[in-house]
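1. could you work out the structure for the sequence below:
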Amino acid sequence: MILSMVPATPCRPCRSSFVVPFAVPFVVQSRSSSTLLSIRMTRRIAAVADMEPVLPKDSVAQLLPKDSVAQLVAAARRLRDEVGRLRFSPPVTHVYNPLDYAWEGHRQYLERFGQSPKRIVFLGMNPGPFGMMQTGVPFGEVAAVRDWMGICADIRAPDAQHPKRPIQGFDCLRSEVSGRRLWSWAALRYGSADAFFADAFVLNYCPLVFLEQSCRNRTPEQLPAAELRPLYAACDRHLAESVAALRPAWLIGVGGFAEKRLKRLVESDLLDGSQARRLQVGQILHPSPASPAANRGWIEAVDQRMKEYGLLPE
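-> Have a look, this model is predicted:
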């Protein structure tokens, strides 16, 4: 199903402040703690900054601009157009491409926070219904994107939508639990969005959402092999270009699917060999409310894993 656009609805003032667990507002941060955090982040980033930028061999990344933000924007545009030409068979009845109708939100995210190098790149699977599907930002729970990141965009809702999954953009009142958990952890451990994105970045592997007539979500892994091959090819190219632009030391999969795709990337020929050899791949628990383990204490589990990797902010 091809989703065309209707006129955009302007952003409205935020209805409620996004707060981290235990009701600690994002905006509350002392000058002294902010200064210390900035010093720690500067030291970490300095070590990563010594690495020379490397572009993937035999990849369209070689044709991209040298600036990391320009690279990310160009790569995202290419991915948007490539997956937009793909077609999917029943039981999929609706396909949402937020890189198309929510491009403005995604572009702002890349331009505001996409400067390289990063120490860590986190990778999710694909958009959630009340996160990136609404805002264009990975794990993009509305309040987190607007109140913590300072991003607000006019979202052009598609004409053909599933009646149970309307695109309301930044007017969406439902909370994306996975996104709320992820960005709450980032706010608790880093303080400000600027401090987090100085050290890390978050991407989604696949930008598309697949819905059945019943509104049941289908993950990329559930698609037929013939439909999956061109989708994975486009997503792998985009991931390689993004990693080349961001120059991280660590790739962290948010869940098992993402970790698997990251390992495949590092073992492929899409990345320059010297860059691939430097990269380390890890995994954190996915914050989905469908996961009993995540519901028992997701933040504690992520803290423990990041500490094991030596990546937990001090």
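2. give me the residues contacting the helix or strand harbouring H106.
-> According to DSSP states H and E, H106 maps onto helix 103-113. Here helix 103-113 makes contact (Cβ atoms under 8 Å, 6 or more residues apart in numbering) with 69, 72-73, 76, 80, 98-99, 135-138, 140, 145, 149-151, 153-156, 169, 193, 197, 201. Heads up, the C-betas are built off the backbone N, CA and C, glycines and all.
3. inside strands: which ones of those?
-> Counting by DSSP state E, those place F201 in strands.
4. narrow the contacts of helix 103-113 to those that are buried.
-> By neighbour count, with 16 or more other Cβ atoms under 10 Å, those hold 69, 72-73, 76, 80, 98-99, 135-138, 140, 145, 149, 151, 153, 155-156, 169, 193, 197, 201 as buried.
5. so which of those sit within helices?
-> Judged by DSSP state H, these include V69, L72, V73, A76, R80, P98, L99, T135, A193, F197 as members of helices.
6. let me know the closest of the residues you listed to Q161.
-> P98 (12.2 Å; Cβ to Cβ).
7. my read: A187 touches A143, true?
-> No. Counting by Cβ atoms under 8 Å, A187 does not reach A143; the two are 11.3 Å apart.
8. burial count for E300?
-> 11 (other Cβ atoms under 10 Å).
9. tell me which other helices or strands whichever strand or helix holds it touches.
-> Assigned by DSSP H and E, E300 falls within helix 298-309. Identification of packing neighbours for helix 298-309 by 3 or more Cβ pairs under 8 Å, 6 or more residues apart in numbering; DSSP states H and E yields helix 177-190, strand 280-284.
10. now the first one, how far from the chain's geometric center?
-> The offset between the C-alpha centroid of helix 177-190 and the centroid of the whole chain comes to 13 Å, using Cα atoms, centre = their mean, to the nearest Å.
11. and it, what does it pack against?
-> Right, helix 177-190 is packed against strand 19-20, helix 193-199, helix 298-309 by 3+ Cβ pairs under 8 Å, 6+ apart.
12. mind running it again at 6 Å?
-> strand 19-20, helix 298-309 (3 or more Cβ pairs under 6 Å, 6 or more residues apart in numbering; DSSP states H and E).
13. can you give me the angle it makes with helix 298-309?
-> Helix 177-190 and helix 298-309 are oriented at 50 degrees to each other (axes from the mean of the first three to the mean of the last three Cα atoms, to 10 degrees).
14. picking that back up, and the helix holding H106, what's buried?
-> Result for helix 103-113 [16+ other Cβ under 10 Å]: buried residues W103, E104, G105, H106, R107, Q108, Y109, L110, F113.
15. closest one to A226 among the helices and strands packed on helix 298-309?
-> Of all the helices and strands packed on helix 298-309, the one in closest proximity to A226, counting by Cβ to Cβ, is strand 280-284 (28.3 Å).
16. identify the residues contacting the helix or strand following that closest one?
-> Remark: after strand 280-284, the chain's next helix or strand is helix 292-295, criterion DSSP H and E. Contacts to helix 292-295, defined as Cβ atoms under 6 Å, 6 or more residues apart in numbering, come from residues L285, P287, S288.
17. dump those residues to TSV, plus neighbour count and pLDDT.
-> What follows is the contacts of helix 292-295, written out as TSV (neighbours: other Cβ atoms under 10 Å; pLDDT from 0 to 100):
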residue	neighbour count	pLDDT
L285	21	98
P287	26	98
S288	17	96
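18. and of those residues, the nearest to W298?
-> P287 (5.0 Å).
19. what score does the nearest residue to the closest one once chain neighbours are set aside have for pLDDT?
-> Nearest non-adjacent residue to P287, counting by Cβ to Cβ, 6 or more residues apart in numbering: R181, 3.8 Å away. What the model reports for R181 is a pLDDT of 98.
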